[in-house]
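Colleague: Quick one: sequence and predicted model below, then my questions.
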Amino acid sequence: MAAGAPVVLEVRDLRAYLYTRWGVVRAVDGVSFALREGETLGLVGESGCGKTMTGLSLVRLLPEPAGRIVDGQVLLEGEDLLTKSEPEMRYVRGRRMSMILQDPQTSLNPVFTIGDQILEALRQGRADGGRSLVARAEDALRRVKVAAPEQRMRAYPHQMSGGMKQRVVGAIAVAGEPRVLIADEPTTALDVTIQLQYLALLKEIQARTRLAMLFITHDFGIVARMCDRVAVMYAGRIVETGPTRALFRAPRHPYTEALMASVPRMEGAVTRLPSIEGQPPPLHDLPTGCRFADRCAYVDDRCRREYPPTMAIGPAHEAACWRIERSPSSR
Amino acid sequence: MLEDRTIAVEPLIRVENLAKHFPVTRGVLIGRTTGQVKAVDGISFTIGRQETLGLVGESGCGKTTTSRLLLRLEQPTAGRVLLDGQDVHALRGADLSRYHTRVQAVFQDPWSSLNPRLRVRETIAEALVVNRRVTRSGKLERVEEVLHQVGLPLSAGARYPHEFSGGQRQRIALASALAAKPELIVLDEPVSALDVSIRAQIMNLLKDLQARQPLSFLLVAHNLATVRYIAHRTAVMYLGRIVEHADTESLYRRPLHPYTKALFAAALPADPDAPRDDMILSGEVPSPIDPSPGCHFHPRCPFAMEQCARVAPELKTIEPGHVVSCHLY
């Protein structure tokens, strides 16, 4: 869809570790991907696979002092964000790259009005030909379809529903017209009918602004609906990347395959779900070989010895699995 | 299975016109009641032996209050919950003790539902000790039995909850629910706090347990696919009322109530080529404080007619085992 569009964000071999008393937790351990203008890339994985840490690394908001980016590049329109100073980063956040977090309850400040919080974000933003900040804040609310924005400006977060709060968070995130939006499970705390409203809203904003979106989720239903491409993460690394349709039709990494098979479906009765036995390895004590080896149905000696290189399967479709080398894609 | 259930025996659980209203008060010292939150507003259903009833709906629809009423954690404002024909809220003494062994619960969050200071075997045995007279050896035997049933090694009994992952903790919670050999387990969002790859393990375990012993489940969940996989029958709740109730297959094949349809349309299928018959509802679930007369769903319903605002629709049987509360039918 956005194949010809320019690359806005490129992440190269990003490594972000947490230094804890149990050892070094390699939460993000060599992650690379690119994001084009107007494109949505889904970052899928289970909790603890490093997907949220990847998102936080991009805006340089890792939990301190434990979290540190140890290697890699984050190129936003060609500029490496990892070489920037903190004051420079403050100029990047909100204006060039924004992030929406999972829980609107905690991302809004309970003691300030909605208006105050949007105005604060706008003041950080670029100047705009003399229009009053208040008018722009009301516009921002209107864009996320909050009814009666003049009144809502004076409301406190506790006076709003979860869905409405997440809209306000969205309004703050896109008020500065960023080029990249990182959405970290933005609808997990919302009810399903409200979730659908919110996803439609994000799509609408994207169509208007050509925003590039990194959509972090564990829900394949959301991926199928929202994403042009998908990257599947397991134990700190991306194990498979591909166009959404190709990945759903023919997942090539055993983890992707097993994960998709284990999701119960709305359509058609199933008598028995295949499940993945076992647990992911602890990130402070990773095996040298493939990290999925212990749970993989196709494991052999080589998998346990060596981490497989990322191999191309089809157009823009690649996976890190030794099996791909052995059985080249039929297509 | 289906034939068994239709034989005219008393179902394990019969809920009759159950209601729970919470007063809304204003003022600190002299509280004035200014309204009623009708969390559950006159619902009826049955749960047969070895049957799973799924209760679905969005937050605030009353599904958790319903499960708490069944667990005797709330007193109903009106209506009754009958276990084998006995009103559970009228039980006293030995009958009450017996009730506590017959009905158990597993909650959503296995991080807060297990006592961190007790060894796993103590947590599991607690349910036995409190409600039944058991010998020491009988207790240990039962603990080992249920650990085996939920697929945990016997060595797990000597360890503490923090040593386990989320999926394993949910197995422990299930083991302690099973210990007293209950007939009904209330499952309140049993897999929604778990990871995708672990959910299937637990759902399969629930099905296996039910296949091996006479066990009924009330499954409270918001994930429709989970309910489809586990429940024999499904009831859809909206603002304290059941709007549709049917055999799971019948409901998922042909949802009738506009709210059920919207709920199903909002559940995103994990398939990029699935047809998108979007029915994006406007607005949100209104406040359950003094809801409007008539159908509770009418302010958001795309098919609302004039009478929907005035008259609450009755539950109508559309086909055997499929009832819906809507003026369209």
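Modeller: Happy to help now that I have it. Numbers count the residues shown, from 1 in each chain, chains lettered A, B, ... in the order given.
Colleague: switch to C-alpha atoms for all contacts and neighbour counts from now on
Modeller: Fine.
Colleague: Let's test this: name the helix or strand in the chain with the lowest mean pLDDT.
Modeller: Assuming you mean chain A. Lowest on mean pLDDT, DSSP states H and E among the helices and strands of chain A sits helix A:322-326, with a mean of 81.
Colleague: Give me the buried positions along it.
Modeller: Across helix A:322-326, burial judged by 16 or more other Cα atoms under 10 Å in any protein chain shown covers A:322-324.
Colleague: what's the pLDDT at residue 321?
Modeller: The chain I'm using is chain A. Per-residue pLDDT puts A:Cys321 at 95.
Colleague: Actually, chain B is the one I wanted.
Modeller: So B:Gly321 comes in at 88 (pLDDT).
Colleague: surely it meets B:Asp247?
Modeller: Yes - between B:Gly321 and B:Asp247 there is a contact under Cα atoms under 8 Å: 6.3 Å.
Colleague: Comparing the two, which residue is more hemmed in?
Modeller: Comparing B:Gly321 with B:Asp247 by neighbour count (other Cα atoms under 10 Å in any protein chain shown), the higher total belongs to B:Asp247, at 20 against 13.
Colleague: how deep is A:Leu58 tucked in, by neighbour count?
Modeller: For A:Leu58, the count of nearby residues is 24 (other Cα under 10 Å).
Colleague: That one reaches A:Leu75, doesn't it?
Modeller: No - in terms of Cα under 8 Å, A:Leu58 does not count as a neighbour of A:Leu75; the distance is 9.3 Å.
Colleague: Now A:Gly221: closest residue in space, sequence neighbours ignored.
Modeller: B:Ala270 (4.0 Å; Cα to Cα, 6 or more residues apart in numbering or on different chains).
Colleague: quick one: the helices in the stretch 201-331 of chain A?
Modeller: In the stretch 201-331 of chain A, the helices defined using DSSP state H, counting those that start in this stretch lie at A:220-226, A:244-249, A:254-261, A:301-305, A:322-326.
Colleague: Adding distance to chain B, write the buried residues of helix A:322-326 out as CSV.
Modeller: Listed next are the buried residues of helix A:322-326 as CSV, based on distance: Cα to the nearest Cα, whole Å:
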residue, distance to chain B
A:Trp322, 22
A:Arg323, 21
A:Ile324, 23
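Colleague: OK, contacts around the most centrally placed residue in chain A?
Modeller: In chain A, the residue lying closest to the centroid (Cα atoms, centre = their mean) is A:Ile216, at 2.8 Å. Taking Cα atoms under 8 Å, 6 or more residues apart in numbering or on different chains, we find A:Ile216 in contact with A:42-44, A:51-52, A:55, A:182-185.
Colleague: With A:Val144 instead?
Modeller: A:Val144 neighbours (Cα under 8 Å, 6+ apart): A:167-168, A:170-171, A:201.
Colleague: For residue 178, which non-adjacent residue is closest in space?
Modeller: If you meant another chain, say so; for now it's chain A. Leaving aside its sequence neighbours, A:Pro178 is closest to A:Arg96 (4.0 Å, by Cα to Cα, 6+ apart).
Colleague: not what I meant, chain B
Modeller: B:Val146 (6.6 Å).
Colleague: Cross-check the contact I'm expecting between the one you found and B:Ala180.
Modeller: No - using Cα under 8 Å, B:Val146 makes no contact with B:Ala180, being 9.7 Å away.
Colleague: Compare neighbour counts for those two and give me the winner.
Modeller: The residue with more neighbours, out of B:Val146 and B:Ala180, is B:Ala180; 26 against 23, by other Cα under 10 Å.
Colleague: Need the per-residue pLDDT for the residue of the stretch 1-150 of chain A found nearest chain B.
Modeller: At 5.8 Å from chain B, A:Glu46 is the closest residue in the stretch 1-150 of chain A, using Cα to the nearest Cα. On the pLDDT scale, A:Glu46 is placed at 86.
Colleague: And A:Gly129, by the same measure?
Modeller: Looking at A:Gly129, its pLDDT reads 55.
Colleague: try A:Ile194
Modeller: 85.
Colleague: Disregarding residues adjacent in the polypeptide, which is nearest to it?
Modeller: A:Ile194 sits nearest to A:Gly163 (Cα to Cα, 6+ apart), 6.2 Å away.
Colleague: ditto for A:Trp22
Modeller: That would be A:His284: by Cα to Cα, 6+ apart, it lies 7.4 Å from A:Trp22.
Colleague: for A:Ala135, helix, strand, or coil?
Modeller: helix (DSSP: H, G, I helix; E, B strand; the rest coil).
Colleague: is B:Val40 in a bridge, and if so with what?
Modeller: Using DSSP bridges, the beta-bridge partners of B:Val40 come out as B:Lys20.
Colleague: tell me the contacts of it?
Modeller: B:18-21, B:61-62, B:65-66, B:239-241 are the contacts of B:Val40 under Cα under 8 Å, 6+ apart.
Colleague: ok, now with 6 Å
Modeller: With contacts defined as Cα atoms under 6 Å, 6 or more residues apart in numbering or on different chains, B:Val40 is in contact with B:19-20, B:62, B:240.
Colleague: B:Ala312 too?
Modeller: Here B:Ala312 is in contact with B:294-295 (Cα under 6 Å, 6+ apart).
Colleague: residues near the residue of the stretch 1-150 of chain A closest to chain B, how many?
Modeller: 21.
Colleague: A:Val168 now?
Modeller: A:Val168: 27 neighbours (other Cα under 10 Å).
Colleague: Show the contacting residues for it.
Modeller: Going by Cα under 6 Å, 6+ apart, A:Val168 touches no other residue.
Colleague: Secondary structure element holding it?
Modeller: Element membership for A:Val168, per DSSP states H and E: helix A:162-175.
Colleague: Equivalent analysis for B:Ala235, please.
Modeller: Using DSSP H and E, B:Ala235 falls within strand B:233-238.
Colleague: Quick check: mean pLDDT of that strand?
Modeller: 96.
Colleague: and it, which strands flank it?
Modeller: Here strand B:233-238 is paired, per DSSP bridges, with strand B:52-56 (parallel), strand B:241-247 (antiparallel).
Colleague: Now do the last one: distance to the chain's middle.
Modeller: Between the centre of strand B:241-247 and the centre of its host chain there is 13 Å, according to Cα atoms, centre = their mean, to the nearest Å.
Colleague: Show residues contacting it.
Modeller: Here strand B:241-247 makes contact (Cα under 6 Å, 6+ apart) with B:41, B:233-237, B:321-325.
Colleague: quick one on the thing from earlier: tell me, how many residues neighbour the residue nearest to A:Ile194?
Modeller: With other Cα under 10 Å as criterion, A:Gly163 counts 21.
Colleague: surely B:Val15 meets B:Leu83?
Modeller: No - counting by Cα atoms under 6 Å, B:Val15 stays clear of B:Leu83, with 8.8 Å between them.
Colleague: Settle it for me: which of those two has more neighbours?
Modeller: Taking other Cα under 10 Å, B:Val15 and B:Leu83 do not tie; B:Leu83 has more neighbours (23 against 20).
Colleague: contacting residues around the more buried one?
Modeller: Contacts here follow Cα under 6 Å, 6+ apart; on that basis B:Leu83 touches B:12-13.
Colleague: if you set the cut-off to 10 Å instead, what comes out?
Modeller: B:Leu83 makes contacts with B:10-15, B:46-47, B:70, B:89, B:99, B:102-103, B:183-184, as judged by Cα atoms under 10 Å, 6 or more residues apart in numbering or on different chains.
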